[in-house]
Each structure stands twice: as C-alpha cells, then as structure tokens.
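A.B. asks: okay, predicted coordinates and the sequence, questions at the end:
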Amino acid sequence: MTDFRPLVLTARPDVTPLARFEALRRAHYPAALNRVPAHISLFHQLPGSELAAVIERLGLTAREHPAPRVAATGLRSLGRGVAITLRSSDLEALHADLAAAWEPLLIPQDRHRFGGHVTIQNKVTPAVARATLATLTEQFIPFEFDIVAIDVWRYLDGPWAHLHATKLRRGR
C-alpha cells in the first residue's frame, strides 16, 4: 500500500556539530513543541508516493557530489525564534541538482534558492527570541563541518519518522 504522507529531506551534519545543534535546540526550543531533531532542511515536502524514486535519485546524487563542507557563520532572527546561518556552495550545488531533478514535484517553498540554516528556537515571543539571539551572538564562534548523509523522513502531522539515509562520500 502506498503511503501518501509527505517526505521531508534533510542534510545530516557529522556527529559533533549535530550534537551541538541538538543541545542548542533542546535548550532554547519550547519543549512541548520540539517534535523533530535539529536538522538542515533541504526539501520540506516531496510526495510520499515517490519514496522509491527519491531514494534512487539520492543514490545518483551521492555518486556525483562529495560530502559538502559547510560553514556556520552566525545567528539570525526568525522573528519568533533564532537560527544558525549556514554557507556552503557545495551544499547549494547539491540542492540545485536535486531541485532540478524534482522540479515538477516541488511545492513553492522548495522552489526557492537554498538558504541553509538550523533552527534552534521557534514559536516563542519576539522578546524571548531577541534575548536568545543577543545571548548566543555574544558566545558564537564560527565553525565548519561536513554533511555526511541526506536523510529522508515521513511527515506524521508533527513528528517525523526516519525512513532512509543516503551516505555521502568523503573527499573532495
């Protein structure tokens, strides 16, 4: 039986930065609303019926693209939250290739140019978000990390279920 619930695709950082992002998210995201792990969204909604084709395309992409190097460059306001800003021409190129392959399947939100970030706080008052941004900005030191996999998740009306990971090859 085909599952039509949407698919979410995320870029998975190496273990150490992922643990850092997760710790920040647990510390600053309202616990009752924090239903998914820290993540870097690549695509917010692909058709659930296309799971096999999505996994197949990810395999091809993994052969064409080495693991992207990403720079965490700072923090930015989301109005009612805070995100870590990411920069990576390699991850942008990987995203663009996937977006071109899946163009007919993309929702408007996923047709935009990739703007990498990790949301560490959301759904708080603007005052709380401003305070968090100010505190974390004082402590923030830019750093770099690798993306090691692309994860496919099933959206379950709030939480996500992990379905598949496509590992990316190390080396440039």
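C.D. replies: Looks like it arrived, so ask away.
A.B. asks: residue contacts, the closest residue in space to H65 that isn't next to it in sequence?
C.D. replies: Distances taken as CB to CB, 6 or more residues apart in numbering put L94 closest to H65, at 4.7 Å, once the chain neighbours are dropped. For glycine as for every other residue, the C-beta is placed from the backbone atoms N, C-alpha and C. Shown in contact with L94 (CB atoms under 8 Å, 6 or more residues apart in numbering): A11, T61, H65, P68.
A.B. asks: need the residues you listed in TSV (columns: secondary structure, pLDDT and distance to R130).
C.D. replies: Shown next, in TSV, are the contacts of L94 (DSSP: H, G, I helix; E, B strand; the rest coil; pLDDT from 0 to 100; distance: CB to CB, whole Å):
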residue	secondary structure	pLDDT	distance to R130
A11	strand	98	28
T61	helix	92	39
H65	coil	88	37
P68	coil	96	31
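A.B. asks: out of those, which one sits closest to I150?
C.D. replies: Using CB to CB, A11 comes nearest to I150 of the contacts of L94, at 6.1 Å.
A.B. asks: now the residue nearest the centre of the chain: how far from D3?
C.D. replies: When CA atoms, centre = their mean is applied to the chain, the residue found nearest the centroid is I40 (1.5 Å). To D3, I40 is 24 Å away according to CB to CB, to the nearest Å.
A.B. asks: cool, and V15?
C.D. replies: 30 Å.
A.B. asks: start and end of stretch 3-11, how far apart?
C.D. replies: Distance across stretch 3-11, first residue to last, is 23 Å (CA to CA, to the nearest Å).
A.B. asks: would you map the helices across the chain?
C.D. replies: Per DSSP state H, the chain carries helices over the ranges 15-28, 51-64, 89-101, 126-139.
A.B. asks: with distance to H162 added, can I get the ones you listed in JSON lines?
C.D. replies: Formatted as JSON lines, the helices of the chain follow (distance: least, CB to CB, whole Å):
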{"stretch": "helix 15-28", "distance to H162": "14"}
{"stretch": "helix 51-64", "distance to H162": "13"}
{"stretch": "helix 89-101", "distance to H162": "19"}
{"stretch": "helix 126-139", "distance to H162": "28"}
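A.B. asks: any low-confidence regions in this structure?
C.D. replies: Within the chain, the stretches with pLDDT under 70 are 171-172.
A.B. asks: pull the longest strand from it.
C.D. replies: strand 143-155 (DSSP state E).
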